[in-house]
Structures are given as C-alpha cells and as structure tokens.
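Participant: sequence-free structure coming up:
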C-alpha cells in the first residue's frame, strides 16, 4: 500500500521536503507530525501501514507521502528516496530516526543478529544518507542531514554492544560526512538521546527506570518531544553555523 498525494498538488507554507525514516510510530511519528505542522512536505517509510499513516495521508493529502521500506534491506532506501523525488521533486532534509534495539549479551548473540543490528542501525542509514545527499547536491541549494544516535555510543552498557557499535559508527559517519558535504552547503549533525519513553524503552523494568532516574542529574527520563525540539533547533536558521556536531540530550547522565 502507498499513501501518496495527487500529482501537481500545491505546497504548504513553503516547498521544502523532509525525509524521515521510520515515521509510523515513536520518535519518527512525532517528527512527521511536527514537520507537517511547521509547513514541510514529508516523505516517510515503515515496513507496513498503520492507522497513523492512513489518517495522515487523508488529513495532509498535499504534503505527505508514505511507502513501504525495510531497514533490513538497504536497497529499499535508494528506491524510497527516488520515490520521494518523483513525488515532490526535491529533498531538503533527512532525519535518520529509525533504529532497532536488541538487548542480549554479546557472547550469546547469533552472528546473523549482529549483522542485522549493524545493517539496521548503520548501513541502511548510511545508504539513505547517500541517496538523499545526492538529491540535495543536484538541487543546488544545499540541505541538512540529522542522524539519531544514542548515548550507548558514548557510554558502555551491558547487552547492547552491537547496537552501541553501530550508533558510534553513525556519529563518526556524521563528522566525516559534514566535512565532505559542507562545501555543498549541506549540514550534517547527530542528536544523541538518553533514556526517554519510547517503544525501545517500553520493556525497561520499573526497578531499572528508578535506577536510571537516580543516576540522571535532572532526576527523570526524557520525553520524546524534547528530542524532537532538539531536531527542530538543529534544522532552524538559529543553527545555520552548526555542522559535524553531536548534540547530547540525556538529562546529564553521561556527565
């Protein structure tokens, strides 16, 4: 199923186009909602359609595009980007928000699971960035890429070694890509969220939640809306001289 909009439909308050990975739920969904509210046209993907995708396609028929794609198959990232270009004619922003977390001790993790985690959290985001950056460079007006990392990339935690390695790779990728793309007026940054309520943290026990709160200087878990606010800041004119940086949003737990 593809939730799309009529060809030739007028733009919203401006004609800029954002690509958001994993926009059917969680952080990706909040980003889609915020960007649409701010007047962006938005293309997003997920493995399957859900009620949010259907309702958003109905309520924003001129500004929203959805297509099925899977992080586990990096080739679908290129096809999805091409579909957004065909629909909207440009790409100005990529937010690599989708990710997959699996918790298990490294020594008992199957090799295929390790490869899958690296693909989902590093290879596919890099592939999507490659396709979007090429589209931005052809447009001649630049653009922005925001990669969503994790504090697991900067502090060690048991049971998430493969995930942490992939996210650390995403931060390194961010810095190098910022140097390459800066001359093309494409800014590249990452945000590094701490613990916040999401699908990924839904299985954290109340005991562990209390332990996290005690170790966090601000004494609480974050809210996904605060992560969205950080993205909105990084893509705003107020952040126009910021590139190659990783913005940590963790209530101070990595201090």
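Facilitator: On my side now, so go ahead. Owing to the predicted nature of the structure, the values given are computational and were not obtained by experimental measurement.
Participant: right, and residue 197 touches residue 225 too?
Facilitator: No. Using C-beta atoms under 8 Å, residue 197 makes no contact with residue 225, being 10.1 Å away. Backbone N, C-alpha and C define where each C-beta goes, glycine included.
Participant: When the two are compared, which one has more neighbours?
Facilitator: Taking other C-beta atoms under 10 Å, residue 197 and residue 225 do not tie; residue 197 has more neighbours (14 against 11).
Participant: Check the more buried one and give its pLDDT.
Facilitator: On the pLDDT scale, residue 197 is placed at 73.
Participant: so what's it closest to, chain neighbours aside?
Facilitator: Leaving aside its sequence neighbours, residue 197 sits nearest to residue 221 (C-beta to C-beta, 6 or more residues apart in numbering; 6.0 Å).
Participant: show me what contacts that neighbour?
Facilitator: 195, 196, 197, 201, 209, 212, 213, 251 (C-beta atoms under 8 Å, 6 or more residues apart in numbering).
Participant: go on, residue 251?
Facilitator: Contacts of residue 251 (C-beta under 8 Å, 6+ apart): 194, 216, 217, 218, 219, 220, 221, 222.
Participant: Mind pulling the model confidence for the fourth one?
Facilitator: Spelled out, that is residue 218. 92.
Participant: if I look at the nearest residue to it once chain neighbours are set aside, how far off is residue 53?
Facilitator: Distance criterion C-beta to C-beta, 6+ apart; nearest residue to residue 218, sequence neighbours excluded, is residue 251 at 3.8 Å. Relative to residue 53, residue 251 is positioned 31 Å away (C-beta to C-beta, to the nearest Å).
Participant: one step back: name the nearest of the contacts of residue 221 relative to residue 18.
Facilitator: residue 196 (21.3 Å; C-beta to C-beta).
Participant: what number of residues lie near the closest one?
Facilitator: 19.
Participant: Leaving aside the residues adjacent along the chain, what's closest to it?
Facilitator: residue 222 (3.5 Å).
Participant: repeat for residue 87
Facilitator: With C-beta to C-beta, 6+ apart, the residue lying closest to residue 87 is residue 65, at 4.9 Å.
Participant: now swap in residue 159 and tell me
Facilitator: residue 103 (4.3 Å).
Participant: Got phi/psi on the one you found?
Facilitator: Torsion angles at residue 103 (phi, psi; degrees, to the nearest 10) stand at phi -100, psi 120.
Participant: Show me the shaky parts of the chain.
Facilitator: Across the chain, the ranges flagged by pLDDT under 70 are 1-14, 198-205.
Participant: Now do the longest helix along it: everything it contacts.
Facilitator: Across the chain, the longest stretch assigned as helix under DSSP state H is helix 161-181. Outside helix 161-181, the residues within contact range by C-beta under 8 Å, 6+ apart are 96, 99-102, 106, 109, 113-114, 117-118, 120-122, 125-126, 129, 133, 137, 145, 147, 149-150, 152-154, 156-157, 187-190, 192, 243-246.
Participant: Let me know the next secondary structure element after it.
Facilitator: Next helix or strand after helix 161-181 toward the C-terminus (DSSP states H and E): strand 186-193.
Participant: Pull the distance from the helix or strand that that following strand is followed by to the chain's centre.
Facilitator: Heading C-terminal from strand 186-193, the first helix or strand you meet, by DSSP H and E, is helix 206-215. Averaged C-alpha coordinates place helix 206-215 at 26 Å from its chain's average position (C-alpha atoms, centre = their mean, to the nearest Å).
Participant: So for helix 206-215, what gets flagged as buried?
Facilitator: In terms of neighbour count (16 or more other C-beta atoms under 10 Å), helix 206-215 has its buried residues at residue 212.
Participant: Since that was my last question, I'll sign off now.
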